[in-house]
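Enquirer: okay, structure incoming, though there's no sequence with it:
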């Protein structure tokens, strides 16, 4: 027999009772929260360029408290940034014109609260938010990258100075020649001045020789200063043939001392390239001196370096430095562009490595090949000015 089951009554649930509701979170709240999580400094700017919001990364980057920035103009932090208003449109961000053109947004100078300066990259994005027209400024600190670039430039400068040190004796000899000639001509002029009557034609010829020798000495000094000077990267349209001719003139005396002939073969209608003159001179100087060194054990009658410059079909200008040395072994072809690799007893092992980084920065290519007969050739391919401008516009 089964016993009767007792059913307990369930408590009555009042479905009409109101449960406490969670207050809705606005889209603005989510937006502001999202901005605080991003790893870069962010400034929200109103139509007048005043800071309406900053995220924690921004006030940590610049050293200000949030309350010190709200309502202040963005120029407090970034000097090269300003705002202008157009009728019917909200504020249009622009970069203040400088003496050499507009400052790019990827290289602006900013200032922290303590007065120290830093290089920053800024991306501006105007949009509508919460019924207002605003601009988001994303600020990226470039201090580490800027310092790395500065150290790279210092290293390149050190290498240039070291390279010029190798030329010191031959350059001193080349400079001594016109100075000695000037002294001799001045002494001759003094003697002619004591004659009676004075031979004015002869004296005029002597003075002309002094002027020409002074020009020769000035050219030697100009070429030395051009290579060893230190400065910021200056990318301009360049006649690569003129750059090469300057370097060949610079090593002229060294080539004579080493018993080496240098020949030039340059296309007459060579397009311009865009680059930094000093850095490209450094590359060509390094390649020529390496070619001289490669033939140190070659009989003087065979010591010859040929430098060619020509246009190639793919919008490039090709420079080639060909020597008649012993060539490069397979393992050297793989290693010669690596830092600190050198086959010279007193070499730093940085010349070719820095040269390749310079050419890479110019969006070109530097490589080496053994010649079919003897020796090796180093090639430098650089984009012609038009080709580089097209690439930059994409």
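Expert: Arrived safely. Bear in mind the structure is a predicted one, so any value in this text is a computation, not a measurement.

Enquirer: phi, psi for residue 378 please.
Expert: Backbone dihedrals for residue 378, given as degrees, to the nearest 10, come out at phi -100, psi 130.

Enquirer: repeat that for residue 63.
Expert: Its backbone dihedrals place residue 63 at phi 80, psi 10, with angles given as degrees, to the nearest 10.

Enquirer: who does the host helix or strand of residue 126 pair up with?
Expert: Per DSSP states H and E: residue 126 is located in strand 117-129. Neighbouring strands of strand 117-129 in its sheet, by DSSP bridges, are strand 108-111 (antiparallel), strand 132-141 (antiparallel).

Enquirer: list the buried ones in that strand?
Expert: Residues of strand 117-129 classed as buried: 118-122, 124, 126, 129 (neighbour count, 16 or more other CB atoms under 10 Å). C-betas here are computed from N, CA, C, even on glycine.

Enquirer: so where do the helices sit in the stretch 1-150 of the chain?
Expert: Counting by DSSP state H, counting those that start in this stretch, the stretch 1-150 of the chain has these helices, from start to end: 27-37, 56-62, 66-69, 143-166.

Enquirer: got it, and the stretch 151-300 of the chain?
Expert: Counting by DSSP H, counting those that start in this stretch, the segments of the stretch 151-300 of the chain that form helices are 168-193, 200-228, 240-250, 252-257, 277-294.

Enquirer: and the second one, what does it pack against?
Expert: The one in question is helix 200-228. If contacts are counted by 3 or more CB pairs under 8 Å, 6 or more residues apart in numbering; DSSP states H and E, helix 200-228 sits against helix 143-166, helix 168-193, helix 240-250, helix 277-294.

Enquirer: can you list the buried residues in the third one?
Expert: Neighbour-count burial for helix 240-250, with 16+ other CB under 10 Å as criterion, is recorded at 240-241, 243-248, 250.

Enquirer: ok, stretch 311-329 next?
Expert: So, applying 16+ other CB under 10 Å, buried residues of stretch 311-329: 316-325, 327-328.

Enquirer: so which helix or strand takes in the residue lying closest to residue 266 once chain neighbours are set aside?
Expert: Once flanking residues are discounted, residue 266 sits nearest to residue 309: 4.5 Å by CB to CB, 6 or more residues apart in numbering. With elements delineated by DSSP H and E, residue 309 resides in strand 304-312, which encompasses its position.

Enquirer: does residue 216 touch residue 180 like I think?
Expert: No: under the criterion of CB atoms under 8 Å, residue 216 makes no contact with residue 180, lying 11.3 Å away.

Enquirer: and the closest residue to residue 138 other than its chain neighbours, how far from residue 293?
Expert: Among residues not flanking residue 138 along the chain, residue 123 sits closest, at 4.4 Å (CB to CB, 6+ apart). Note on residue 123: its distance to residue 293, by CB to CB, to the nearest Å, is 48 Å.

Enquirer: related to what we said a few turns ago, settle it for me: which of residue 216 and residue 180 has more neighbours?
Expert: Ranked by neighbour count (other CB atoms under 10 Å), residue 216 and residue 180 place residue 216 first, with 16 against 11.

Enquirer: give the contact list for the residue nearest to that one when sequence neighbours are not counted.
Expert: Distances taken as CB to CB, 6+ apart put residue 178 closest to residue 216, at 4.1 Å, once the chain neighbours are dropped. Applying CB atoms under 8 Å, 6 or more residues apart in numbering to residue 178 gives the contacts 213-214, 216-217, 220.
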